[in-house]
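[1] sequence and computational prediction follow.
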Amino acid sequence: MIKTYIESNKERFLEELFSLIRIPSVSAKQEHKEDMALCAERWSEILIASGVDKACVMPTKGNPVVYAEKKRLPEAPTVLVYGHYDVMPPEPLELWTSQPFEPIVRNGRIWARGADDDKGQTMAQVKGFETAHRLGLLHCNVKFIIEGEEEIGSPSLEAFCLEHRELLKADVILVSDTSMVSPDTPSLTTGLRGLAYWEIELTGPNRDLHSGHFGGAVANPLLALCQLLAPIVDANGRITIPGFYDDVEDLSPAERKMIARIPFSDAAYQSAIGVEALSGEAGYSTLERNSCRPSFDICGIWGGYTGEGAKTILPSKAYAKVSCRLVPHQQHKKIEELFAQYLARIAPASVKLKVTALHGGQGYVCPMDLPAYKAAEKAMHIAFGVPPLAVRRGGSIPIIATFEEIWGIKTILMGFGLEQNAIHSPNESFPLDFFYKGIETVAGFYKEYK
């Protein structure tokens, strides 16, 4: 019944998705402000056509939020579906094999910016809802919130949720903005890492200096910055900031056993990203390191002269952007303070230090015994033909922890993406069969969740 409905409507589903993708809703660029509003309006139209009782575009301090609802019975549970309509900038454009905002189907895949993240996955949620509703399989109330700032850290969403706490109140949240282990191994994400992100500025002399006249006598901010950052990760891959591991829980034997069941090859992982060897915290596997353990990274570092040819200067300033991925129970505010205090203690007097916390968020863990999780697990098993694995992911969706803080409810992370979909990169894509299986899974979830 579900498969038949999807098959008879699949071309319409695809064209509705394409109508969204063609709107370049890039939240990072002010020039796309009108596109954000257009995309929100288009989502509202699609939701109405899909069977919700009402849909509206609501203002925030930033880009608008799309809200919709379908009410069944007051005593029935309520599912809040979260997604986002903004996308990453498509640059560098020269690396795309087709136009990023003109979707095409090639080799069984949709190629376009937003094909997966998150227009394709959110459309799977909406069309899964439509399928369940049209077939009389919907046993719960459903609310939708689709925001336009996820790719820039959701700066307006928490305030919006607090302002509309009662309107958005639900029993569980459903999100499709994550990925599965592989095409042959469906999975449900049961945990996400948190995030802390800073910008560092070191200032030495009051201007760039001649390196011949001043080199060796005046501190070089770029060199000092490298000396500050290099020891933060030791030879065993441990982060040396005092107090950093205070709230980190060790993995239980049961969880390590579950992670070991995930099909994974270090050699294939290395080959896919073009490295000769892997590194990380001693005593943990690659999958444990990149999903369940904290990490520290220098995301960017710059200063001085970087133009063509040579220019012998001692730069006045040096900058870096750095981040930590955090695990559940690590408070990102606490880590922000520990990091700033640590750098302040070890910075030499020969430079001035400025540390700015840019953004952060908490990690998240979902219990596997929730009725909604069981419904998602069964629905995915039916759609994909094999039971899904429970996996933790190394990425962060800070708003998920915020949802739990506001309403005290859990989120089911039922994503249909794949690593090869290249989200955030040129030539983003989404397999057609995963788009349709995603719709089938969501419809099956509503059939099972009561």
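    Looks like it came in fine.

[2] list the buried ones in the longest helix seen in the chain?
    Criterion DSSP state H: the longest helix present in the chain is helix 2-21. Neighbour counts over helix 2-21 (16 or more other C-beta atoms under 10 Å) mark 2, 5-6, 9, 13-14, 16-18, 20-21 as buried. Using the backbone N, CA and C atoms, a C-beta is placed for each residue, glycine as well.

[3] and the next helix or strand past the helix or strand of the chain with the lowest mean pLDDT?
    Across the helices and strands of the chain, mean confidence by mean pLDDT, DSSP states H and E is lowest for helix 253-260: a mean of 88. Note on helix 253-260: by DSSP states H and E, the next helix or strand toward the C-terminus is helix 266-273.

[4] sorry, back to before: ok now the least confident helix or strand of the chain, how far from the chain's centre?
    A distance of 24 Å separates the centroid of the chain from that of helix 253-260, by C-alpha atoms, centre = their mean, to the nearest Å.

[5] hmm, who's touching that helix?
    251, 285, 287-288, 291-292, 389-392 (C-beta atoms under 8 Å, 6 or more residues apart in numbering).

[6] quick one: pLDDT of the nearest residue to residue 202 once chain neighbours are set aside?
    Distances taken as C-beta to C-beta, 6 or more residues apart in numbering place residue 221 nearest to residue 202, at 4.2 Å, with adjacent residues excluded. At residue 221, the pLDDT value in this model is 98.

[7] and residue 24, by the same measure?
    On the pLDDT scale, residue 24 is placed at 98.

[8] what residues does it make contact with?
    Applying C-beta under 8 Å, 6+ apart to residue 24 gives the contacts 32, 35, 87, 90, 100-101, 113.

[9] element containing it?
    Counting by DSSP H and E, residue 24 is part of no helix or strand.

[10] and the gap between it and residue 85?
    11 Å (C-beta to C-beta, to the nearest Å).

[11] residues near residue 406, how many?
    Neighbour count for residue 406, taken as other C-beta atoms under 10 Å: 15.

[12] once you drop chain neighbours, what's closest to it?
    Distances taken as C-beta to C-beta, 6+ apart place residue 161 nearest to residue 406, at 5.4 Å, with adjacent residues excluded.

[13] then residue 243?
    That would be residue 338: by C-beta to C-beta, 6+ apart, it lies 5.2 Å from residue 243.

[14] any buried residues in stretch 57-70, and which?
    The neighbour-count check on stretch 57-70 (16+ other C-beta under 10 Å) flags 57, 60, 62-70 as buried.

[15] beta partners for residue 319?
    Taking DSSP bridges as the rule, residue 319 bridges to residue 201, residue 302.

[16] local confidence estimate at it?
    So, for residue 319, pLDDT stands at 98.

[17] again with residue 153
    Residue 153 is assigned 84 on the pLDDT scale.

[18] residue 250 too?
    So, for residue 250, pLDDT stands at 88.

[19] which phi and psi does residue 297 have?
    In terms of degrees, to the nearest 10, the main-chain angles of residue 297 are phi -140, psi 140.

[20] how much space between it and residue 363?
    Relative to residue 363, and taking C-beta to C-beta, residue 297 is found at 16 Å.

[21] quick one: which of those two has more around it?
    residue 363 (25 against 13).

[22] the more buried one contacts residue 335, correct?
    No. Using C-beta atoms under 8 Å, residue 363 makes no contact with residue 335, being 11.1 Å away.

[23] which ones are touching the nearest residue to residue 204 once chain neighbours are set aside?
    Nearest non-adjacent residue to residue 204, counting by C-beta to C-beta, 6+ apart: residue 221, 4.2 Å away. Neighbour list for residue 221: 202-204, 303, 315-318, 351 [criterion: C-beta under 8 Å, 6+ apart].

[24] the same query, at a cut-off of 6 Å, please.
    Applying C-beta atoms under 6 Å, 6 or more residues apart in numbering, we find residue 221 in contact with 202, 204, 315, 317-318, 351.

[25] out of those residues, who's the most crowded?
    Of the contacts of residue 221, with other C-beta under 10 Å as the count, residue 202 tops at 28 neighbours.

[26] tell me the SS of the closest residue in space to residue 16 that isn't next to it in sequence?
    Distances taken as C-beta to C-beta, 6+ apart place residue 46 nearest to residue 16, at 5.5 Å, with adjacent residues excluded. With DSSP: H, G, I helix; E, B strand; the rest coil as the basis, residue 46 sits in helix.

[27] repeat for the one 10 residues further on
    Using three-state DSSP, the three-state assignment for residue 56 comes out as strand.

[28] how about the helices of the stretch 51-200 of the chain, start to end?
    119-134, 157-163 (DSSP state H, counting those that start in this stretch).

[29] about what we covered before: any chance of CSV for the buried residues of stretch 57-70, columns pLDDT and distance to residue 78?
    As requested, those are exported to CSV (pLDDT from 0 to 100; distance: C-beta to C-beta, whole Å):
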residue, pLDDT, distance to residue 78
57, 98, 21
60, 98, 22
62, 98, 26
63, 98, 25
64, 98, 23
65, 98, 18
66, 98, 17
67, 98, 13
68, 98, 13
69, 98, 9
70, 98, 10
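
[30] max pairwise distance over those: which two?
    Maximum pairwise distance among those (C-beta to C-beta): 26.6 Å, between 62 and 70.

[31] re earlier: looking at it, the residue nearest to residue 406 is touching residue 405, isn't it?
    No. Residue 161 is beyond contact range of residue 405, at 9.6 Å (criterion: C-beta atoms under 6 Å).

[32] no further questions, thank you.
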